[in-house]
Structures are given as C-alpha cells and as structure tokens.
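Visitor: Need the 3D shape of this:
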Amino acid sequence: MTEGPSQSVQRTLLAGDRTMLAWLRTAFGAYAVAIGIGGVLPKISDSGSVVYRLVGGAFALIGVLGVALGLGQYVVCYERPNPCDWPNWACGSPSASGS
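Guide: Here you go, the predicted structure:
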C-alpha cells in the first residue's frame, strides 16, 4: 500500500495555496484601483488628465505582476513540496528564512 504525503508536506502545500490566494487578492485589488483611477476618475473629473491613466496603468501593471508572482510561487510549491528545494525568489534568501 502506498502512503499519502506526510503531514508536513500537506501543510506546505496548503500554505502555498493560501499564499497564492493572498497574491491574487492583492492583484485584484490593484486591478480595482486601476479601473477606478484610470477609467472612472478621468470621466468624472473636469480635466481628464493623462496622469490618471498613467497611474491607473501602473496599478494594472502591479496587478499583472501580482498574478504572475502568485502563480509562479504556486507552481514552485507544487513541483517541489520541500521548501529547502525552492529557489530564492520563491521564498526569500536562506538568511531571511532562518536557515
């Protein structure tokens, strides 16, 4: 009979799920700010400045970056459930993690 993954691996995978969801929540919040600043605010203000659209675009870029980082870390977590095997960009430097 084969055994399932150990409890520590299960906890690591669940932590990876929670981290990905946190990245996605942050990214969707940035998208909402981008729509508000870049799309709605220029229409209701008298100036319709390009600055609003640039700031909105910057927040949209932050949202794209958040989704990319969240999904990237999620994939790393599922490919290598042992955090010691993760690259530095996925979990920080070894000195930051206490190793």
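Visitor: Closest to the centroid, which residue in this protein?
Guide: When C-alpha atoms, centre = their mean is applied to the chain, the residue found nearest the centroid is Trp23 (2.7 Å).
Visitor: Helices along this protein, start to end?
Guide: Along the chain, counting by DSSP state H, helices occupy 7-35, 41-44, 50-79, 88-91.
Visitor: Where among those helices is average confidence lowest?
Guide: In terms of average pLDDT, helix 88-91 trails the rest of the helices of the chain, at a mean of 59.
Visitor: Tyr78 touches Ala15, doesn't it?
Guide: No. In this structure Tyr78 lies outside contact range of Ala15 using C-beta atoms under 8 Å: 11.7 Å. Bear in mind the C-beta positions are built from the backbone N, C-alpha and C, glycine included.
Visitor: what's stretch 25-37 in contact with?
Guide: Residues external to stretch 25-37 that are found in contact with it (C-beta atoms under 8 Å, 6 or more residues apart in numbering): 52, 55-60, 62-67, 70.
Visitor: cutoff 7 Å now
Guide: Tyr52, Val55, Gly56, Phe59, Ala60, Ile62, Gly63, Gly66, Val67, Gly70 (C-beta atoms under 7 Å, 6 or more residues apart in numbering).
Visitor: Would you reformat these as CSV and include distance to Ser6?
Guide: Shown next, in CSV, are the contacts of stretch 25-37 (distance: C-beta to C-beta, whole Å):
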residue, distance to Ser6
Tyr52, 52
Val55, 47
Gly56, 46
Phe59, 41
Ala60, 41
Ile62, 37
Gly63, 36
Gly66, 31
Val67, 30
Gly70, 25
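Visitor: Which among those count as buried?
Guide: When the contacts of stretch 25-37 are checked for burial by 16 or more other C-beta atoms under 10 Å, the buried set is Tyr52, Val55, Gly56, Phe59, Ala60, Ile62, Gly63, Gly66, Val67, Gly70.
Visitor: Can you give me the neighbour number for Ala68?
Guide: 12 (other C-beta atoms under 10 Å).
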